[in-house]
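Q: Quick one, what's the 3D model for this:
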Amino acid sequence: MIRFGLISELGKDENAGYARVHFDDVDMVSDWLALPSFATKTAKQWIPIEVNSQAGCIIDENTQQGFISIVFWSDSDTPPEWANENTMGILFADGAEMYYDSENHTLTANAPESELNIKCKSLNVEGEVNIKGETTIKGDTSVTGQITASDEVTAGAMQIKLTQHKHPTPAGVSGPPTP
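A: Down below sits the predicted model:
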């Protein structure tokens, strides 16, 4: 049978991936029911679901065995503002979000109150790169093309400022050095 209710408890530890659902029409709480997922084998998908989310369940008449098949939008739980027929993404509880807009070919990651970490063997970026704000790069960096800075650039542990760094003119040579 199909039954609708509110998620009343989320599983932890050995019950991770499961939830209990309160069914108002029969005033009962289910046993642990599996949460919906698109992948659970070698590729795994995990999307957090919150207590009090509306859920549709396929369940037996005793509300003991079954699974949560879907979690619904409601008047108070609405899609993110960027959601439309061309986007796919996730909005996190703290406001960080990541989504792809297939119409505009744009992958957006907004994490204004968070730290964004990328860990990989090698990061390759092809195309124009615009960096705004203070940036620290750890590790070797190779750039093919021109680097333009609109503000001061510092280098090394001594924080050498490129606009103030001068090479001394060797004795007997007048004018700037020849490259």
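
Q: Return, as residue ranges, the portions of the chain with sub-threshold pLDDT.
A: Along the chain, segments meeting pLDDT under 70 span 158, 162-179.

Q: quick one: strands adjacent to the longest strand that it contains?
A: Scanning the chain for the strand with the most residues, using DSSP state E, yields strand 2-10. Here strand 2-10 has these sheet partners by DSSP bridges: strand 18-23 (antiparallel), strand 54-59 (antiparallel).

Q: so what secondary structure elements neighbour whichever helix or strand comes after the first one?
A: Past strand 18-23, heading to the C-terminal end, the next element that is a helix or strand (DSSP states H and E) is strand 28-29. For strand 28-29, the elements it packs on are strand 18-23, judged by 3 or more C-beta pairs under 8 Å, 6 or more residues apart in numbering; DSSP states H and E. C-beta here means a position set from N, CA and C on the backbone, and glycine is covered the same way.

Q: what's the strand it packs on in contact with?
A: 3-11, 28-35, 49, 55, 57, 63, 68 (C-beta atoms under 8 Å, 6 or more residues apart in numbering).

Q: List buried residues within those residues.
A: 3, 5, 7, 10, 30, 33, 35, 55, 57, 63, 68 (16 or more other C-beta atoms under 10 Å).

Q: Between which two of the residues you listed is the distance greatest?
A: Among those, the pair separated by the greatest distance (C-beta to C-beta) is 3 and 10, at 18.5 Å.

Q: if I pick the most centrally placed residue in the chain, what's in contact with it?
A: When C-alpha atoms, centre = their mean is applied to the chain, the residue found nearest the centroid is residue 98 (4.8 Å). If you count contacts by C-beta under 8 Å, 6+ apart, residue 98 has them with 89-90, 107-110.

Q: Kindly recompute the last result at 10 Å.
A: 88-92, 107-111, 116 (C-beta atoms under 10 Å, 6 or more residues apart in numbering).

Q: of all those residues, which two lie farthest apart?
A: Pairwise across the contacts of residue 98, and taking C-beta to C-beta, the largest span is found between 88 and 116, at 19.1 Å.

Q: And residue 161, how close does it get to residue 150?
A: Separation of residue 161 from residue 150 (C-beta to C-beta, to the nearest Å): 15 Å.

Q: what does residue 113 give?
A: Taking C-beta to C-beta, one finds residue 113 at 26 Å from residue 150.

Q: And residue 129, by the same measure?
A: Residue 129 is 14 Å from residue 150, by C-beta to C-beta.
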